[in-house]
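**Student:** Any chance you could fold what I've pasted below:
(one chain, ligands or ions: 1)
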Amino acid sequence: MRRFRVAVVHGVNLDQLGRRNPEHYGGLTFRELERQIDEWAKDLDLTPRFFQTNHEGALVEYLHRAEGLVDGIVINPGAWTHYAYAIRDALELAAVPAIEVHLSNVHEREQWRRHSVISELCLATVAGQGPDGYRDALQQLRDHLVSVVPVPTPSTGTPTGETLSRPDTPRVHDDPDESPGDPLPDDVNVSAATDGIDVPDADVPSANPEPPAADR
Ligand code: DQA
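**Tutor:** The predicted structure is shown next:
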C-alpha cells in the first residue's frame, strides 16, 4: 500500500493553543496537538507534514505549492475560515482533497463563526470534537485517497484511470513519490514555515521551529 502524504495546515492564532480559551479549544499546547496528530497520522500509515502561520500570504503561497507535493490536506485556518477568500481560492488551486477541522463547535458559537468560505471545497468538515477531530479527519482523508487511487489492471499493470477521470473527484497523483521539483526530502516532517513545502518568504517567522518529538 502506498503511503499518502498529508499536509496538516493551521492558520492564524492556532500556535497560541494552550493560552486560548480552554472551554473552546481544550488544554493542549499547539506543539502537543501537532505531536498527537503526527502519531495518529503515522498509525494510519500516512506521511504527515505540518505547517502553521499567522500570515495569510504565507498560507496562500504554501497552498500554491501543494499540488504535486501532497496527496491531501487537513486544514484548520482559524478565523480565516470565516472570511478569507484568498485562502479559499488558494485551496482550490491546490487541487487536492481536503478536510476542514475545527477544535471548537463553530456551529454553536457566534453567528460569524458559522460560515466557512472553504467548506464547499472540502470533502468534509469536522468540528467540535477537539483534538480527536483530527484523527477523524485523517481517517476520512485516508479512506478517500484509498478509494480514488487507480488500481493497476492485471493485464497491463497500468492504472485504469477511471476513478481519476470523474470530474467530481479531487485530483490524486498517480505516484505520490513522483514529485519533480519537490524541494525537500520525503522524510522532512516539521512544523511551521520550515515545513516540507518550502515557502519562499524566508522572513515569515516560524512559530514552531522544531519538529514534533517523534521525529527528533
Ligand atoms: C477554530 C474556530 C475559529 O472560529 C477560530 O477563529 C479559531 C479556531 C477552531 O479550531 O475551533 O481560531 O478554527
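
**Student:** Would you mind naming what in the protein lies close to the ligand?
**Tutor:** Selection of the chain residues close to the ligand by CB under 6 Å from any ligand atom yields Asn13, Leu14, Asn76, Gly78, Ala79, Thr81, His102, Leu103, Ser104, Val106, Arg113. To be clear about C-beta, it is placed using only N, CA and C from the backbone, and glycine gets the same treatment.

**Student:** contacting residues around the second one?
**Tutor:** When contacts are counted by CB atoms under 8 Å, 6 or more residues apart in numbering, Leu14 is found next to Phe30, Gln52, Asn76, Gly78.

**Student:** Could you check the pLDDT of it?
**Tutor:** pLDDT, Leu14: 98.

**Student:** Looking at the contacts of Leu14, which are in helices?
**Tutor:** Phe30 (DSSP state H).

**Student:** thinking again about what came up before, kindly write the ChimeraX command that selects the buried subset of the residues of the chain next to the ligand.
**Tutor:** Of the residues of the chain next to the ligand, the buried ones can be selected in ChimeraX as follows, counting by 16 or more other CB atoms under 10 Å:
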select :13,14,76,78,81,102,103,104,106,113
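
**Student:** List the ones among the residues of the chain next to the ligand that fall in helices.
**Tutor:** Going by DSSP H, the helices hold none of the residues of the chain next to the ligand.

**Student:** show me where this protein has strands.
**Tutor:** Counting by DSSP state E, the chain has strands at residues 5-12, 47-52, 72-78, 98-102, 124-127.

**Student:** what's around the closest residue to Tyr134 other than its chain neighbours, how many residues?
**Tutor:** Counting by CB to CB, 6 or more residues apart in numbering, the nearest residue to Tyr134 once its immediate chain neighbours are dropped is Ile37, at 4.8 Å. Using other CB atoms under 10 Å, Ile37 is surrounded by 23 other residues.

**Student:** try Val9
**Tutor:** Per other CB under 10 Å, the neighbour tally for Val9 reads 28.

**Student:** Phe51 is in contact with that one, correct?
**Tutor:** Yes - contact criterion CB atoms under 8 Å: Val9 and Phe51 qualify, at 5.0 Å.

**Student:** list the residues that contact both of those two?
**Tutor:** Common neighbours of Val9 and Phe51 (CB under 8 Å, 6+ apart) are Leu59, Tyr62.
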